[in-house]
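> below: sequence and its predicted model.
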Amino acid sequence: MTNDKHLVIRPSILYFGTPVALLSTENEDGSGNLAPVSSVWALGPHVVLGVGCASRTARNLAARPEVVINLPSPGLWESVERLAPLTGAYPVPEAKRAKFRYEPDKFSAAGLSPQPSELVRPARVAECALQLEARVTAAPPGGGGSFLTVECEVVRVHAAEHIVVPGTQHIDPAAWSPLIYNFRHYHGLAPEIGHSFRSETAGSGGTAPAAPAGPGGPAATAPAAPDPGPAA
C-alpha cells in the first residue's frame with residue numbers, strides 16, 4: 001500500500017503518454033501536407049485521430065478523405081519537433097498566429113522524404129518504419145467545434161522488414177518502439193516488463209534493446225514545445 005498523497009490539480013494538457021503520428025494528406029494543388037498529432041488510438045483495422053478544425057489537415061480530409069498515418073520511431077523526434085510550429089493553413093488561423101508560421105513544404109522542412117503510397121493518394125514518410133494507408137469513414141466535430149474525431153479504416157500496412165517477425169504478419173515489439181508524447185516531452189519505450197496473455201509474439205525477440213542513434217531512433221527523452229497536436 002502506498003503512502004503517497006494525491007493532489008487535486010488542473011493540468012493545462014492531458015497528453016499522458018500517447019504515440020506520435022505524422023499525418024500526410026493531399027492539398028488541393030496535389031502537393032502534400034504533413035502534420036504531427038498525438039491524439040491517436042486504434043481498434044482492430046480502424047484508427048481514430050484528433051484533428052483541429054482550423055487545420056490544413058482537417059480541410060484536406062474534408063475534401064479528399066484519404067490519409068497516411070506514419071508512426072515515427074524515437075530517433076525521429078527532432079523531425080517531429082521541426083514540424084510542430086508549422087502549419088499548412090494560409091493565412092495562418094488567428095488562434096495560431098502567436099506560435100505558428102506557414103510552411104508549404106513540410107516534408108523538406110522536417111528533413112523527411114515522401115514515398116508513394118499504393119492505395120491512397122497522400123505520400124508515406126519513408127523514414128517511418130510503420131505506415132498505415134487509410135480512408136476516412138467519419139469525422140464528427142467535438143470540443144464545441146474545436147476539433148474533429150476522425151475515424152479511419154486502414155486499407156494497407158507497410159512495415160520495415162527489420163521490425164517484422166520473420167515468416168509472420170506480426171510486428172516484433174522488441175524490434176521497434178513508437179515515439180511517445182508524454183506531457184509535452186518526447187520518449188521512447190522502456191525495456192519490456194511483460195506481455196499480455198493474448199500476445200502472438202511472446203519470445204520472438206527477447207527484451208527490447210535500447211534503440212540505436214539515427215532515424216531508427218534512440219530511446220530519447222527530450223523537451224518539446226509547442227504541442228504536436230492537434231494537426232496543423
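Done, it's in. Numbers count the residues shown, from 1 in each chain.

> show me the longest strand that occurs in the chain.
Once the chain is assigned using DSSP state E, the strand that runs over the most residues is strand 147-159.

> low-confidence regions, the protein specifically.
Scanning the chain with the threshold set as pLDDT under 70 gives 1, 205-232.

> one more time with 50, if that's ok
When the per-residue scores of the chain are filtered using pLDDT under 50, the ranges that remain are 206-226.

> how about the helices in this protein?
With DSSP state H applied, the chain shows helices at 56-63, 77-83, 106-110, listed in chain order.

> what helices or strands is the second one leaning on?
Packing contacts for helix 77-83, counted by 3 or more CB pairs under 8 Å, 6 or more residues apart in numbering; DSSP states H and E, involve strand 32-37, helix 106-110, strand 185-187, strand 222-223. Bear in mind the C-beta positions are built from the backbone N, C-alpha and C, glycine included.

> out of those, which one sits most buried?
Neighbour counts averaged per stretch over those are highest for strand 32-37, at a mean of 26; criterion: mean count of other CB atoms under 10 Å.

> touching that one from outside, list them.
The list of residues contacting strand 32-37 from outside it, by CB atoms under 8 Å, 6 or more residues apart in numbering, reads 20-27, 49-51, 55-57, 60, 80, 83-84, 88, 106-107, 110, 112, 114, 122-123, 125, 228-232.

> over to stretch 159-173?
With contacts defined as CB under 8 Å, 6+ apart, stretch 159-173 is touched by A129, L130, Q131, A175, W176, E192, H195, E200, T201, S204, G205, A208.

> can I get the helices and strands packed on helix 77-83 in JSON lines with distance to V164?
Shown next, in JSON lines, are the helices and strands packed on helix 77-83 (distance: least, CB to CB, whole Å):
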{"stretch": "strand 32-37", "distance to V164": "25"}
{"stretch": "helix 106-110", "distance to V164": "25"}
{"stretch": "strand 185-187", "distance to V164": "24"}
{"stretch": "strand 222-223", "distance to V164": "28"}
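
> wait, which of those is closest to K99?
For K99, the closest of the helices and strands packed on helix 77-83 is strand 32-37, at 14.2 Å, according to CB to CB.

> now P166: how far from A110?
Separation of P166 from A110 (CB to CB, to the nearest Å): 32 Å.

> related to what we said a few turns ago, now for the contacts of stretch 159-173: which two are most distant?
Spanning the widest gap among the contacts of stretch 159-173 are Q131 and H195, at 24.7 Å by CB to CB.

> okay, the two: which has more neighbours?
Between Q131 and H195, counted using other CB atoms under 10 Å, the more crowded position is Q131 (23 against 12).

> contact partners for D105?
For D105, the residues meeting the contact criterion (CB under 8 Å, 6+ apart) are S31.

> now it: how far from G75?
Look at D105 and G75: by CB to CB, they are 22 Å apart.
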